[in-house]
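Trainee: Sequence and predicted model, in that order:
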Amino acid sequence: MAVSAPFHRREDSGPTGGMMRISTGHRGEEFSVLLVEDNPGDAFLLQEAVDNGRSPLFRFKHTATLTEAIEVLDATPNFDVMLVDLSLPDSFGIDTLQQIRAYAPTTPVVVLTGRDDDRLALDALQAGAEDYLTKGVVDGGTLTRVIRHAIERSQATRRIHELNTELRSTLDDRLGELSATQEQNIRHERLTALGTLAGGVAHELNNPLMGVINHIQYAIKKLGPEAQAIESSLSEALKYSRRCAEIVHDLLSFSRRGTIVHMPGGVVGDMNTAVREALRDARAATDAADIEVHLELAEAIAAVAIDESRLRQVILNVICNACQAMDGCEERRLVCRTVPGDRDATVYIGDTGPGMDEETSRKVFDMFYTTKAQGEGTGIGLALCHSLIDSVGGRIWVESVPGRGTVFAVTVPAAAGTTATHTSEDNPTAEYSPTAEESLTEH
């Protein structure tokens, strides 16, 4: 088959299968073309058909079969355009186009065949061809324009795809920012509502609570030596009433500022004592759930820069959460361990509950976040604990693996000018003392 067009032969050209250079008038432009044509004469004439006066620089690579073309694409995939005959020794029709596009899906394809078939032309375009030309009725100028337009359309399509990808990425980022802003606004509104409620409740509780404390103090003062047992009970009641007053104070502080403000002034607490008393307060919950409790207190640990009752409040909150988490578990074990540091002290509280995934662990200190059923949790407790520990320059964090339990850790700076204190020999919770192999974690 011959191409019916006036061709300008070059003296140094010939029907070879190598890369043939076609020089054109658009200096600086250069395109690589994969020509898949089984007829050497047609391949030669097609390359010569490119008019030297109007075309850019083309570099042709000629193959005679689809198999050879695929091998070339495997070795050199970055062609600017492919000219493909659909009637090859090893492939025929639209299947040829589909196979070669599978190997080079982003390279534009121009079908150049001897079949003047409108239906085949439509199928080729629907299968991804940029154009369909019939050999024998196309001249060099038309072939040149078609090649250039195919390359330009392909480049434009790729650029549109890149812009769409960038746009989607930008939209996703903006949507993420808007979602985060919306969550912050909702959280702010809920915190504001909570602050208003907490402030009102705390204010209403403060006056009658002060009355209870004053009456207990008066009663203790009036009791004689013979009422020692009653005095002891009243002292305990006074201690718990004062703890309630501290909680009310923290609620008022939180409602006004969104965080608990640490009151400076040399506040000192004993971490071991805070752990003991928190376990004693939680005794009813641990006994009711049949939880095996182990206590490991460091023999020498520095006093910490936090009010002891507030630290006890934090530890008690974590212990109660651990008890609830182990509900229904076959193994129910709670371990509390204190560890001294160079300039701080840490208590680890571990349980054998179901554990938490990474997302839950990341959100567990967020205000209003809870994994408990509706009506069983408010999502406030751990958020307040985090705020309280943060207010003294400490840190509270969690490590958990689903199916392997959870460990909460609370680190508090050592009080200025204090030295390590020793654990009392008459430990009131000695029955909780663990054996050496019953340690909490690797920490």
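Mentor: That came through fine.

Trainee: chain center to stretch 394-403: distance?
Mentor: Distance, stretch centre to chain centre, for stretch 394-403: 17 Å (CA atoms, centre = their mean, to the nearest Å).

Trainee: Span of it from start to end?
Mentor: Start and end residues of stretch 394-403 are separated by 29 Å (CA to CA, to the nearest Å).

Trainee: Over to stretch 218-230?
Mentor: Span of stretch 218-230 from end to end, CA to CA: 13 Å.

Trainee: and it, average pLDDT?
Mentor: Mean pLDDT, stretch 218-230: 72.

Trainee: Show the residue spans covered by the helices in the stretch 151-300 of the chain.
Mentor: Taking DSSP state H, counting those that start in this stretch as the criterion, the stretch 151-300 of the chain carries its helices at 228-257, 271-281, 283-288.

Trainee: what's the closest of those helices to residue 311?
Mentor: helix 271-281 (4.2 Å; CB to CB). C-betas here are computed from N, CA, C, even on glycine.

Trainee: Now do the closest one: which elements does it pack against?
Mentor: Under the contact criterion of 3 or more CB pairs under 8 Å, 6 or more residues apart in numbering; DSSP states H and E, helix 271-281 touches strand 292-296, helix 308-325, strand 333-340, strand 344-351.

Trainee: Can you list the buried residues in the first one?
Mentor: What that stands for is strand 292-296. Residues of strand 292-296 classed as buried: 293, 294, 295, 296 (neighbour count, 16 or more other CB atoms under 10 Å).

Trainee: Can you list the low-confidence ranges for the stretch 201-350 of the chain?
Mentor: For the stretch 201-350 of the chain, the stretches flagged by pLDDT under 70 are 201-211, 224-226, 247-267.

Trainee: re earlier: and the helices of the stretch 151-300 of the chain, which is most packed in?
Mentor: helix 271-281 (a mean of 22; mean count of other CB atoms under 10 Å).

Trainee: Run the chain-centre distance for that one.
Mentor: With CA atoms, centre = their mean as the basis, helix 271-281 stands 37 Å off its chain's centre.

Trainee: Could you do stretch 350-360 as well?
Mentor: 18 Å.

Trainee: who touches it?
Mentor: Stretch 350-360 is contacted from outside by 322-323, 325-326, 329, 331-335, 337, 364, 371, 398, 400-408, 440-441, using CB atoms under 8 Å, 6 or more residues apart in numbering.

Trainee: if we go to 6 Å?
Mentor: With contacts defined as CB atoms under 6 Å, 6 or more residues apart in numbering, stretch 350-360 is touched by 322, 325-326, 329, 331, 333-335, 400-407, 440.

Trainee: before we move on, back to that, looking at the helices and strands packed on helix 271-281, spot the one closest to residue 244.
Mentor: Of all the helices and strands packed on helix 271-281, the one in closest proximity to residue 244, counting by CB to CB, is helix 308-325 (10.0 Å).

Trainee: Next, work out how far apart the residue nearest to the spatial centre of the chain and residue 85 are.
Mentor: Nearest residue to the geometric centre of the chain (CA atoms, centre = their mean): residue 359, 8.1 Å. Note on residue 359: its distance to residue 85, by CB to CB, to the nearest Å, is 57 Å.

Trainee: Please identify which of the helices and strands packed on helix 271-281 is closest to residue 382.
Mentor: Using CB to CB, the nearest of these to residue 382 is helix 308-325, at 6.7 Å.

Trainee: for that closest one, packing partners?
Mentor: helix 271-281, strand 344-351, helix 381-391 (3 or more CB pairs under 6 Å, 6 or more residues apart in numbering; DSSP states H and E).

Trainee: Just want the angle from that helix to strand 292-296.
Mentor: With axes from the mean of the first three to the mean of the last three CA atoms, to 10 degrees defining the directions, helix 308-325 sits at 150 degrees from strand 292-296.

Trainee: quick one: helix 308-325 to strand 344-351, angle?
Mentor: Computed by the same axes, to 10 degrees, the angle between helix 308-325 and strand 344-351 is 20 degrees.
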